[in-house]
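Undergrad: The following block contains a protein sequence and its predicted model.
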2 protein chains.
Amino acid sequence: MKKYSDLSREELLALQAELNQLYEEEKVRGRKLDISRGKPGSEQLDLSMPMLNTITEDSDLHGADGTDLRNYGILDGIPEAKKLMGQVMGAREDQVIIFGNSSLNIMYDSIARAALFGIMGSTPWMKLDQVKWLCPVPGYDRHFAITEHFGMEMISIPTDENGPDMDLVEKYVNNDPAVKGIWCVPAYSNPGGIVYSPETIKRFAALKPAAGDFRIFWDNAYAIHTLYEDEDPALLNILEECEKAGNPDMVYQFCSTSKITFPGAGIAAMSASPANIADIKSQMKWQTIGHDKINQLRHVRFFKDFDGLKAHMSKHAQVIRPKFEAVLRILDQELGGLGIAEWTRPRGGYFISFNAMPGCAKNIVAKCKEAGVTMTGAGAAYPYGQDPQDSNIRIAPTLPPLSEIEEAIELFTICAKLAAVEKLLA
Amino acid sequence: MKKYSDLSREELLALQAELNQLYEEEKVRGRKLDISRGKPGSEQLDLSMPMLNTITEDSDLHGADGTDLRNYGILDGIPEAKKLMGQVMGAREDQVIIFGNSSLNIMYDSIARAALFGIMGSTPWMKLDQVKWLCPVPGYDRHFAITEHFGMEMISIPTDENGPDMDLVEKYVNNDPAVKGIWCVPAYSNPGGIVYSPETIKRFAALKPAAGDFRIFWDNAYAIHTLYEDEDPALLNILEECEKAGNPDMVYQFCSTSKITFPGAGIAAMSASPANIADIKSQMKWQTIGHDKINQLRHVRFFKDFDGLKAHMSKHAQVIRPKFEAVLRILDQELGGLGIAEWTRPRGGYFISFNAMPGCAKNIVAKCKEAGVTMTGAGAAYPYGQDPQDSNIRIAPTLPPLSEIEEAIELFTICAKLAAVEKLLA
């Protein structure tokens, strides 16, 4: 197949007519498909149903230390859950706090506490004239929504296959005391599917922040979410690296079981240096008496240990790998060699990041919508929803059944071709 | 029995010697009893164990509207839970948001949101020079801890058997725009056990706040927590009264199942006018994708409906009423007619409020502690932990078994007598 850029105007017009006809045929089918959000599919949710049997009327709900977990108390989580979630994050128990059902909520709360009360005695961010935040792009829209809501100035940082552009990160963090944080999804990033390289992580750990209350927000959402059974993202341990570099307090790490058991009915956790943990607990104790310990116990009893958790993730991989592979197969078949798009080939996580010809993303998403396929909004992976290239589209293949994904991506490729032709003809 | 104030110095000295001997005998027993916190006892927790059978591997976890409740979504709670918790609070479904496991956390969050972002477009409280908060006393220490943490100036408002002193409440709220809120536990108040009178509630509803973002924090923690089966606190509906008085947006109401099912593993809810609900949801959507819907469903399926919930509360009453009655019997027997203390006789809730001779509370609590009985700290029911009279002690009879409560209260009465004699001799 010829590259579109090598086609003559006549060839392009003929192609456009052909694609338009295909597209019109698709539209009349009245599809209603959604590949916009990173939600597990029902087959994945079924994998965790037996967890609901682990705690019943007859269960002993005392913790290993004898505490009645049905009653008030235990601000920072039961030791058994700290151990398990600590292993997910590469953290010791004394570096872990177990929270409620959402790691996104922990991140919001961590920023809210810093805004209201500061970090380790620093000036509350609300009292500062300006707070800046680094946003590796493409990134997670809900991250950016939080920092936008808090009125921070968000600065985009380009990423490549090794992670964020560390020259730029160092420039900002080491020189500007208004830069208070950076969003990172270090393993199978959202949406790029990137695993940060050892070199990148070592450079993170070696930052010399101008702000004493600068924190790396290390959202390890996909720490063990490989698509290939028993493959390990081989992510360097950020807590250890920061410690080695003399920066033990510079990172907050987050994770949850939202995409392991049930989104909304899972457990979420944070890890950080013991000094950070003490600081957070000193504020957290006014927020709550404690989180849902029965659900913590339910998770621990279901998985038993970290090996059990990893075995469970292998089952997830078996369910979703074919979905990713189908997307890639169709993209390769339909768009390979046309020179109108690139896409990632992630080994884990929940997304494929698609880069169309500049200026085409909004058009593609609009065309998909018109034909009944909902994609994540173009630009969503950028601060303020503004992709300066209008190129990036996030594909989320996990939720629909395989046949629907195939249908949706086939349509998507027609729209991508059509938008490219329109662009070249414009 | 003679009043202590009528005793001669010689009689007091003889009494002191006798009480001291009794006290020393108690001390050597090496007791370790705790009646400090409002925690359910294990017999109460046992009542909810069958709830854990209502959701298992074989359950259909779709909501009444077909939503898969195992997945992401539903910011404000499942309709079934809104209906049930709405009935607890006398609220319509469109006035209700279901949150996580803790109503205290909803209250903290409501204040944090107002501090960071304001209420319905008002100036964020963090940007104001001064924020004041009214605190009916005696009240709930964890309420006061939140407003203290936010640096507010707390103003004590005396209460009597009808509720807070409304002359004073009106004076502050209607004239001072720095007054942004008031803590209220309107039914079986903590610790007084008071049910606010209809007159009090009508005066609340008719307030004309100087601050547009003034909110009544109506913590209806004990809405259905009567000690006497089928008795109703007959609390006027604050949402309706505020609406009638033309103040629909002035109140935030809170409740939870912490003392209905499991503290920490229950569900919590808020109710307010639709305009408030819309305002809260517009901020809340940055905080979380949603709370634990499976646990919401677990509660709804267990209780089935509001009648089921009330029947469940009757079982709680049967367990804890004997504990309250034992405390009152011993207090009456040991301290009745001595003129050294007064105490409340609540019809519901979790506490008995005890007022010792002024200047004696700290001494009594210290003596109890020395003999192995932990009481709530003297002064805890006042802002900044400062009881100006040093008189009030909160008794929490629910957690220990009956025999231990009797032991603890017997010791407590010895300490109360001893402290009174010491005061009279000083």
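TA: Received, thanks. Residues are numbered from 1 along each chain as shown, chains lettered A, B, ... in the order given.

Undergrad: rest of the way, CA atoms for contacts and neighbours
TA: OK.

Undergrad: Contact partners for A:Gly30?
TA: A:371-372 (C-alpha atoms under 8 Å, 6 or more residues apart in numbering or on different chains).

Undergrad: for A:Tyr4, same thing?
TA: Per C-alpha under 8 Å, 6+ apart, neighbours of A:Tyr4: A:12, A:338-340, A:420-421.

Undergrad: What confidence value was assigned to it?
TA: Turning to A:Tyr4, the model gives it a pLDDT of 97.

Undergrad: same deal with A:Ser403?
TA: At A:Ser403, the predicted lDDT confidence score is 95.

Undergrad: just the one 3 residues further on next, same as before
TA: At A:Glu406 the predicted local confidence, pLDDT, stands at 96.

Undergrad: what about it, how many residues close to it?
TA: 18 (other C-alpha atoms under 10 Å in any protein chain shown).

Undergrad: if we can go back for a sec, which ones among the contacts of A:Tyr4 are found in helices?
TA: Using DSSP state H, the members of the contacts of A:Tyr4 that fall within helices are A:12, A:420-421.

Undergrad: out of those residues, which one sits closest to chain B?
TA: Nearest to chain B among the ones in helices among the contacts of A:Tyr4: A:Ala420, at 34.3 Å, using C-alpha to the nearest C-alpha.

Undergrad: Now for that closest one: which residues touch it?
TA: A:Ala420 neighbours (C-alpha under 8 Å, 6+ apart): A:4, A:340, A:356-357, A:360.

Undergrad: please redo it, this time with the cut-off set to 10 Å
TA: By C-alpha atoms under 10 Å, 6 or more residues apart in numbering or on different chains, the residues touching A:Ala420 are A:4-5, A:12, A:16, A:338-341, A:356-361, A:363-364, A:414, A:426.

Undergrad: List buried residues within those.
TA: A:4, A:12, A:16, A:338, A:340-341, A:356-361, A:363-364, A:414 (16 or more other C-alpha atoms under 10 Å in any protein chain shown).

Undergrad: farthest pair in these?
TA: A:Leu12 and A:Ala361 (19.2 Å; C-alpha to C-alpha).

Undergrad: Count the residues that sit near A:Asp94.
TA: 16.

Undergrad: Touching, it and A:Met270? I think so.
TA: No. In this structure A:Asp94 lies outside contact range of A:Met270 using C-alpha atoms under 10 Å: 11.1 Å.

Undergrad: which residues do those two both contact?
TA: In contact with both A:Asp94 and A:Met270: A:82, A:86, A:277, using C-alpha under 10 Å, 6+ apart.

Undergrad: Make CSV from these and add secondary structure, pLDDT and neighbour count to it.
TA: Below are the shared contacts of A:Asp94 and A:Met270 laid out as CSV (DSSP: H, G, I helix; E, B strand; the rest coil; pLDDT from 0 to 100; neighbours: other C-alpha atoms under 10 Å in any protein chain shown):
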residue, secondary structure, pLDDT, neighbour count
A:Lys82, helix, 98, 25
A:Gly86, helix, 98, 23
A:Ile277, helix, 98, 20
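
Undergrad: Going by distance to chain B, which of these wins?
TA: A:Lys82 (16.9 Å).

Undergrad: quick one: pLDDT of the nearest residue in space to the closest one that is not next to it in sequence?
TA: Leaving aside its chain neighbours, A:Lys82 sits nearest to A:Glu93 (5.4 Å; criterion: C-alpha to C-alpha, 6 or more residues apart in numbering or on different chains). A:Glu93 is assigned a predicted lDDT (pLDDT) of 96.

Undergrad: so A:Glu93 touches A:Ala269, yeah?
TA: No. Look at A:Glu93 against A:Ala269 with C-alpha under 10 Å: they stay out of range, at 11.2 Å.

Undergrad: Show me which of these two is the more surrounded one.
TA: Neighbour comparison, A:Glu93 and A:Ala269: the larger count goes to A:Ala269, with 26 against 18 (by other C-alpha under 10 Å).

Undergrad: now the more buried one: how far from A:Cys255?
TA: The gap separating A:Ala269 from A:Cys255 is 5 Å, by C-alpha to C-alpha, to the nearest Å.

Undergrad: what touches both of these two?
TA: By C-alpha under 10 Å, 6+ apart, the residues touching both A:Ala269 and A:Cys255 are A:85-86, A:88-89, A:98, A:102-103, A:106.

Undergrad: Let's have these in CSV, adding secondary structure and distance to chain B.
TA: Listed next are those as CSV, based on DSSP: H, G, I helix; E, B strand; the rest coil; distance: C-alpha to the nearest C-alpha, whole Å:
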residue, secondary structure, distance to chain B
A:Met85, helix, 19
A:Gly86, helix, 22
A:Val88, helix, 22
A:Met89, helix, 21
A:Ile98, strand, 13
A:Ser102, coil, 7
A:Ser103, helix, 9
A:Ile106, helix, 9
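
Undergrad: can I get these in a markdown table with distance to A:Phe117?
TA: Listed next are those as a markdown table, based on distance: C-alpha to C-alpha, whole Å:
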| residue | distance to A:Phe117 |
| --- | --- |
| A:Met85 | 27 |
| A:Gly86 | 27 |
| A:Val88 | 29 |
| A:Met89 | 27 |
| A:Ile98 | 21 |
| A:Ser102 | 22 |
| A:Ser103 | 20 |
| A:Ile106 | 16 |
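
Undergrad: So which residues of chain A form strands?
TA: For chain A, applying DSSP state E gives strands covering A:33-34, A:96-98, A:132-137, A:153-160, A:163-164, A:179-184, A:215-219, A:251-256, A:268-271, A:341-343, A:352-356, A:373-374, A:392-395.

Undergrad: Next, format these as a markdown table and append distance to B:His291 and mean pLDDT.
TA: Formatted as a markdown table, the strands of chain A follow (distance: least, C-alpha to C-alpha, whole Å; pLDDT from 0 to 100):
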| stretch | distance to B:His291 | mean pLDDT |
| --- | --- | --- |
| strand A:33-34 | 23 | 91 |
| strand A:96-98 | 16 | 98 |
| strand A:132-137 | 27 | 98 |
| strand A:153-160 | 28 | 98 |
| strand A:163-164 | 32 | 98 |
| strand A:179-184 | 23 | 98 |
| strand A:215-219 | 20 | 98 |
| strand A:251-256 | 14 | 98 |
| strand A:268-271 | 12 | 98 |
| strand A:341-343 | 34 | 98 |
| strand A:352-356 | 28 | 98 |
| strand A:373-374 | 25 | 96 |
| strand A:392-395 | 26 | 97 |
